[in-house]
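Asks: with the sequence up front, the predicted model follows.
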Amino acid sequence: MKTRTVTCIISIALLAALAIPVGLSAQEQAPAPVQTKQPPRYKLVDLGTFGGPASYFPNGFDGILNNQGTAVGWADTPTPDPFPTACFDPDCFVAHAFQWQNGIVTDLGSLAAGWSATPNWINGTGQIVGYSQNGLIDPLFPFFQFRAVLWENGGIRDLGTLGGGYDSWATAINDRRQAVGFALNTVPDSFCLFIPGFCATQTRAFLWQNGAMQDLGTLGTGNDAMALAVNERGQIAGQAYTNSTPNPVTGIPSLDPFLWENGAMLDLGTLGGNSGFPTALNNQGQVVGQSNVAGDAGAHPFLWTQSRGMQDLGTLGGATGVTNWINDAGDIAGRADLPGPSPQNHDGVLWKNGVMIDLGTIPGDSCSNAYQVNASGQVVGTSESRELCSIPTGEHAFLWENGGPMVDLNTLIPAGSSLQLTFAVAINDRGEIAGFGVPAGCAPQDFDLCGHAYVLIPCQGDDQGCQGESSSGVARSAPAAATKHRAASANPALREGLGGTLDRLRSRWSQRYRLPGVVTGPTN
């Protein structure tokens, strides 16, 4: 299958090492009680585009919506991608990072005019990190350069690289203005962690603070590491090679999750296999993720705590499970496989107080995935039919709260709204929700070709009091002068087909920035 973007290449490479079925011991399940409290109704804000066909929310789903109600994502412009052999986005349009706040979409700009940029995280004070093309080609590998960037005070800042390398990527930032990510140096490496098989130098984890980028080192005798999350205590979670010898099953050196604190990198171990990675880190220092089991026969979700180490969270009787988020109370959102022939169905789950709660699906659907849980225990995710589950992609964005059952968010917005809400990927402590949806004429599986990002705001009253709005007509450019854009309708000429669909579904490597071997992006 021919890849469409560098990010497609990244995520296809990430599929290789851990996409292995596994049997799992049973985990206690709690039946979902009947919901007694009516869920809120919402105002739908369709964020539109910058004149191109689609808009998106970024990779990790965790840091895209802060508790002040500010969301960050990226949107297509009408400009064709200047590097058509490896487009930044699947639809091959230049895409700009945006910030949505108080009804205004602001174009955050990029490092070079006519090139693309994506945010990955916004902290509580409004500082945003991500990556941008800088208009240059990497001389060590024939693709455009990525640079880790910080947006603040209306400007964009290149955070630099490590060891004279040409590429870097910022994944998260805390309220102390500590940013983390990874960068390529110029030391040759046969197992480059950034894009295994498609890059040739070491990948190093970094902490950026006080204007300087620090190399965090690696584990054991490994050469590569990535920093993926940072909490308000300054603890950093990531993944690192522990040696330099490829495992015959995974094809890469052993790769463990780590927790970095006060200058030291702690190996969190695995569930017996040779690969593991974190998916989220809370402010209590608890880490969740996924790990191969003994013999690398498959992968299980885990919770790591300082007092108990790594614990296997189990599944719903099927092969695998995935964690997506952990809040500060220790509630964990994710999904787990059900029994049955491969490919198995999976349900969204909430791990709470040591119990796995099966969230079920929207009636009539076969699969679901829970992406985030807020401080109030509200869970959001996506549910879909068996056909879309096998692709995979989302179909019905959901809210689960107060013991359930799962509610289709499309039933909680005004009738005749501009979008079918297919993914709900973030919810803040105010109950505001961010996700993706598709307008009329755009199929759910084509969300990254013609879908729109949206925000839902809880409101009071009937539909008349919850009428939505489109903020795409009040976009502003930064740091250039203000420029207004109108959202484009779905493009009927966009390409289709199974190969393109699979590429698009794998095109963003970051539903928690998976390590090599796990499908990434807004997959279900």
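Replies: Everything's here; your move.

Asks: just the strands from the stretch 351-500 of the chain, written as ranges.
Replies: Secondary structure of the stretch 351-500 of the chain (DSSP state E, counting those that start in this stretch): strands at 355-358, 367-373, 379-384, 396-400, 407-408, 420-427, 433-438, 452-459, 469-470, 476-477.

Asks: where does pLDDT dip in this structure?
Replies: 1-36, 59-61, 196-198, 461-465, 467-524 (pLDDT under 70).

Asks: in it, which spans are helices?
Replies: 6-14, 386-389, 447-450, 498-505 (DSSP state H).

Asks: picking up where we left off before, could the strands of the stretch 351-500 of the chain go into CSV alongside distance to G289 and mean neighbour count?
Replies: From N, CA and C alone the C-beta is placed, and that goes for glycine too. Shown next, in CSV, are these (distance: least, CB to CB, whole Å; neighbours: other CB atoms under 10 Å):
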stretch, distance to G289, mean neighbour count
strand 355-358, 16, 19
strand 367-373, 15, 28
strand 379-384, 18, 30
strand 396-400, 22, 27
strand 407-408, 29, 18
strand 420-427, 18, 27
strand 433-438, 23, 28
strand 452-459, 26, 25
strand 469-470, 38, 16
strand 476-477, 38, 17
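
Asks: for those, give me a markdown table that also has distance to A205.
Replies: Below are the strands of the stretch 351-500 of the chain laid out as a markdown table (distance: least, CB to CB, whole Å):
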| stretch | distance to A205 |
| --- | --- |
| strand 355-358 | 31 |
| strand 367-373 | 24 |
| strand 379-384 | 29 |
| strand 396-400 | 33 |
| strand 407-408 | 40 |
| strand 420-427 | 24 |
| strand 433-438 | 27 |
| strand 452-459 | 29 |
| strand 469-470 | 40 |
| strand 476-477 | 33 |
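
Asks: nearest to N153, of those?
Replies: strand 476-477 (14.3 Å; CB to CB).

Asks: which ones are touching the spatially closest residue to P139 that is not a sequence neighbour?
Replies: Spatially, and ignoring its direct neighbours in sequence, P139 is nearest to Y166 (6.9 Å; CB to CB, 6 or more residues apart in numbering). Applying CB atoms under 8 Å, 6 or more residues apart in numbering to Y166 gives the contacts L136, D138, P139, L140, Q145, L184.

Asks: distance of T106 from V425?
Replies: 21 Å (CB to CB, to the nearest Å).

Asks: make that A212, sorry
Replies: Taking CB to CB, one finds A212 at 33 Å from V425.

Asks: before we move on, what about G437?
Replies: With CB to CB as the criterion, G437 and V425 are 11 Å apart.

Asks: now swap in H452 and tell me
Replies: Distance of H452 to V425, given as CB to CB: 13 Å.

Asks: now P139
Replies: 36 Å.

Asks: what do you get for D267?
Replies: For D267, the distance to V425 - CB to CB - is 30 Å.

Asks: what does L228 give?
Replies: 17 Å.

Asks: what does A112 give?
Replies: A112 is 29 Å from V425, by CB to CB.

Asks: got it, and S190?
Replies: With CB to CB as the criterion, S190 and V425 are 35 Å apart.

Asks: check N123 too.
Replies: Counting by CB to CB - N123 and V425 are separated by 18 Å.

Asks: and for R176?
Replies: Taking CB to CB as the measure, R176 falls 25 Å from V425.

Asks: same deal with T382?
Replies: With distances taken as CB to CB, T382 is found 8 Å from V425.

Asks: find residues that contact each of those two.
Replies: Y371.

Asks: ends of stretch 109-116, how far apart?
Replies: With CA to CA, to the nearest Å as the measure, stretch 109-116 spans 8 Å from end to end.

Asks: same thing with stretch 207-223?
Replies: 17 Å.

Asks: try stretch 432-444
Replies: Terminal residues of stretch 432-444 lie 22 Å apart, using CA to CA.

Asks: go on, stretch 348-368?
Replies: End residues of stretch 348-368 are separated by 5 Å (CA to CA).

Asks: swap in stretch 407-416?
Replies: Using CA to CA, first and last residues of stretch 407-416 are 18 Å apart.

Asks: repeat for stretch 99-119
Replies: From its first residue to its last, stretch 99-119 covers 9 Å (CA to CA).

Asks: buried stuff in that stretch?
Replies: If you call a residue buried by 16 or more other CB atoms under 10 Å, then stretch 99-119 has these buried ones: 99-101, 105-112, 115-119.
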